[in-house]
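Engineer: quick one: sequence and predicted model below, then my questions.
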Amino acid sequence: MARSLVLPVAPTRGRLRPLGLDEVRITGGFWARRRETNATATLGHCREWMERVGWTGNFRAAVEGRIHRDRRGREFADSDVYKLLEAMVWQAGQGDGTSLDAGIAELTGTIAAAQEPDGYLNTAFGRPGQRPRYSDLEWGHELYCYGHLIQAGVAQLRARGEGELAKTARRAADHVCATFGPGGIEGVCGHPEIETALVELARATGERRYLDQAALFVDRRGHGTLADIEFGRAYFQDDLPVRDATVLRGHAVRALYLAAGAVDVAVETGDDALLAAVARQWETTVARRTYLTGGMGSHHRDESFGDDFVLPPDRAYAETCAGVASVMLGWRLLLATGDPRYADLAERTLFNVVAASPSEDGRAFFYANTLYRRSRGTVPPANAQSPRAESGLRAPWFAVSCCPTNVARTLALLPAYLATADDGGVQLHQYADAEIATTLPGGHAVALRVRTDYPHGGRVSVRITRSADRPWTLSLRVPAWAAGATAWLVDADGARRPVAPGTATVTRAFRAGDEIRLELPVAPRWIGADPRVDAVRGTVAVERGPLVYCAESVDLTDGQEIDVVRVDPSADPEDGPDGTVVAPGELAVAGERSGAPWPYRPLGEAAAPAERAPGIVLVPYHSWANRGPSTMRVWLPTAEPDSTGAAGT
């Protein structure tokens, strides 16, 4: 089977073959709009801010010998320059090269000039007046930064061909292998990321030593090579070997990046036991440590996973980078196994975490993604970095701005997450208006045109525009959220059949012009939580299709805040205007108990009075805080029972 070369992830084996940016093109709809904003606004915004705060200037300062006094940003600031560069390269590889090539060349030249003769490249360590190289593996992020540099180099190799960026990345990777390989430093980085980058470089170049080094890093993890810290070694995933762990723990982004790298190593080395270990960790984490939005990480202090079922909505950290890393991990597991559950979580996370981070204009971002905002946020200054991750409004830049650049590179390469192929046909995993063309075994060319108003509508039409001269299978994911309702598959001959969550398939000798239609039940629905999630007992949430909804105070009257809202799950929520949902409910009368000396009352005592509301307006969670400061919540209290135990009305 022909293989695309324009891919962020290109395993040499596995259940499914990913289709690359030269085979899949998003042409319209929700994601096309987001990608257009990313290309025309976000990339330039990130570049301007990096110049303003001095992160790109660090490389010039290193060359000019003034880095010890002039360096700006955190120790990992180099990595964000690399992520931006990766995003620019992927975007340029899709036909935007005329507007981006000059910027890529300029930025690459700035970076490459700071590389040492032995391949070392970092602006925070190793020069006069700075700490020695690799003197702080716990917090220094040197190998982490290499990981993002290498991923940018791989992007150039695949999207634009060999160039200075790819050469710079390879020199850095060779330095890593020489320094940390057998006989070298027997350590790992406090922040995993280098592992998946090295495997991808091995795939792109055919050089086995990069894969071997990645495998060495994975096997070293969990043996206490890093110092113990106040958060414990679990923060670094250095408390247990990867093969022995049963759940993702510690710093959420670190854990997810490490798991992605472990999958890459397992796939390339044929290590089924390692792959099974990561799959087991994913399954437990999804069942016990993941928010309704797909967000991961409930601790602010250490940006980490909490214990099982510790998922407080008002303290949800759910870092945007953790969302990106979750999609990366899920995609790798999907390619390895073909299990559609991984695409289900990726979809949830893309629509409700990744899409929630950038503002509508692509020039401000959420770093953390709370599910409950109790107080109205203040407008961040337009010309200053935000000093904190949690905020009621998106900020134009952060002192730690890993998330804007991670969103930028994810949106730039998003078409590569839509579809796959195998010996039998083509599989669609995410839905967007798209043009898809690939070649099946035997040189059989096939092409599809997808048209949909997803996620707001549930109709997905797939028209065959070119077909092999033999039978093949078209597979469409039926999302897990469709359980409990009926989804339908309509064949090219008009035959209509119900399909269950999982995968729906049509196998036939297709002809150009044949159309297959998937009809998904996107009506609003109530969602409840496992009773072990203590923080949301007595509440419900609303989903519609893959979208999680929330109530926002800007849709209330008279300056009311979101804490007055109560909903009535005995009646169904309904579609409202402009993509909203209207939920039945009431508003507690403000102030009735505000003077009470004690905020608790005996069971059976009358609750605060409430007034029936004409309907509680809910908006897609990803859109909240685009209309100014507000309070917001996803999990909504139900109307209180009266003294007889009946639901209040």
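Structural biologist: Great, that's in hand.

Engineer: for the rest of this, base every contact and every neighbour count on C-alpha atoms.
Structural biologist: Will do.

Engineer: quick one: low-confidence parts of the stretch 1-150 of the chain?
Structural biologist: Along the stretch 1-150 of the chain, segments meeting pLDDT under 70 span 1-4, 96-98.

Engineer: how about the helices in it?
Structural biologist: Secondary structure of the stretch 1-150 of the chain, counting by DSSP state H, counting those that start in this stretch: helices at 30-37, 43-53, 57-63, 67-70, 77-91, 97-112, 142-159.

Engineer: what's the answer for the stretch 401-550 of the chain, then?
Structural biologist: Using DSSP H, counting those that start in this stretch, the helices assigned to the stretch 401-550 of the chain run over residues 402-412.

Engineer: going along the chain, name the strands of it.
Structural biologist: Listed from the start of the chain, the stretch 401-550 of the chain has strands (DSSP state E, counting those that start in this stretch) covering 419-422, 425-428, 433-440, 444-452, 459-466, 472-478, 487-490, 496-499, 502-508, 515-519, 525-527, 539-544, 547-552.

Engineer: how about those strands, which one is nearest Phe180?
Structural biologist: Ranking the strands of the stretch 401-550 of the chain by their distance to Phe180 (criterion: Cα to Cα) puts strand 419-422 first, at 35.3 Å.

Engineer: center of the protein - which residue?
Structural biologist: Central residue check for the chain by Cα atoms, centre = their mean: the C-alpha nearest the mean position is that of Val324, 2.3 Å away.

Engineer: circling back: okay, the helices of the stretch 1-150 of the chain in JSON lines with mean neighbour count and distance to Arg508 next?
Structural biologist: Conversion of these to JSON lines gives the following (neighbours: other Cα atoms under 10 Å; distance: least, Cα to Cα, whole Å):
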{"stretch": "helix 30-37", "mean neighbour count": "19", "distance to Arg508": "30"}
{"stretch": "helix 43-53", "mean neighbour count": "18", "distance to Arg508": "43"}
{"stretch": "helix 57-63", "mean neighbour count": "21", "distance to Arg508": "57"}
{"stretch": "helix 67-70", "mean neighbour count": "16", "distance to Arg508": "64"}
{"stretch": "helix 77-91", "mean neighbour count": "27", "distance to Arg508": "35"}
{"stretch": "helix 97-112", "mean neighbour count": "16", "distance to Arg508": "39"}
{"stretch": "helix 142-159", "mean neighbour count": "27", "distance to Arg508": "34"}
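
Engineer: which one of the ones you listed lies closest to Arg532?
Structural biologist: Shortest separation from Arg532 across the helices of the stretch 1-150 of the chain is recorded for helix 30-37, at 34.9 Å, computed as Cα to Cα.

Engineer: the inter-axis angle of the closest one versus helix 43-53?
Structural biologist: Going by axes from the mean of the first three to the mean of the last three Cα atoms, to 10 degrees, helix 30-37 is angled at 40 degrees with respect to helix 43-53.

Engineer: quick one: helix 30-37 to strand 433-440, angle?
Structural biologist: Taking the same axes, to 10 degrees, one finds that helix 30-37 is oriented at 100 degrees with respect to strand 433-440.

Engineer: and helix 30-37, what other elements does it pack with?
Structural biologist: The elements that helix 30-37 packs onto, with contact taken as 3 or more Cα pairs under 8 Å, 6 or more residues apart in numbering; DSSP states H and E, are helix 402-412.

Engineer: the helix it packs on: how far from the chain's middle?
Structural biologist: The gap between the average C-alpha position of helix 402-412 and the chain average comes to 9 Å, counting by Cα atoms, centre = their mean, to the nearest Å.

Engineer: output the contacting helices and strands for that helix.
Structural biologist: Under the contact criterion of 3+ Cα pairs under 8 Å, 6+ apart, helix 402-412 touches helix 30-37, helix 43-53, helix 77-91, helix 320-337.

Engineer: now it: average pLDDT?
Structural biologist: Mean pLDDT, computed over helix 402-412, is 97.

Engineer: send the alpha carbons of that helix over as PDB?
Structural biologist: C-alpha atoms of helix 402-412 as PDB (Å, rounded to 0.1, in the frame of the first residue of the first chain):
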ATOM      1  CA  CYS A 402       3.200  26.300  26.000                       C
ATOM      2  CA  CYS A 403      -0.500  26.100  25.200                       C
ATOM      3  CA  PRO A 404      -0.900  28.700  22.400                       C
ATOM      4  CA  THR A 405       1.900  27.100  20.400                       C
ATOM      5  CA  ASN A 406       0.600  23.600  21.100                       C
ATOM      6  CA  VAL A 407      -2.800  24.700  19.800                       C
ATOM      7  CA  ALA A 408      -1.200  26.300  16.800                       C
ATOM      8  CA  ARG A 409       0.600  23.100  15.700                       C
ATOM      9  CA  THR A 410      -2.400  20.900  16.400                       C
ATOM     10  CA  LEU A 411      -4.700  22.900  14.200                       C
ATOM     11  CA  ALA A 412      -2.000  23.100  11.500                       C
END
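
Engineer: now the angle from that helix to helix 43-53?
Structural biologist: When the same axes, to 10 degrees is applied, the directions of helix 402-412 and helix 43-53 differ by 150 degrees.

Engineer: residues in contact with helix 402-412?
Structural biologist: Contacts with helix 402-412, where a contact means Cα atoms under 8 Å, 6 or more residues apart in numbering, come from 34-35, 38-39, 42-43, 46, 80, 83-84, 86-88, 90-91, 319-321, 324, 354, 357-358, 365-367, 397.
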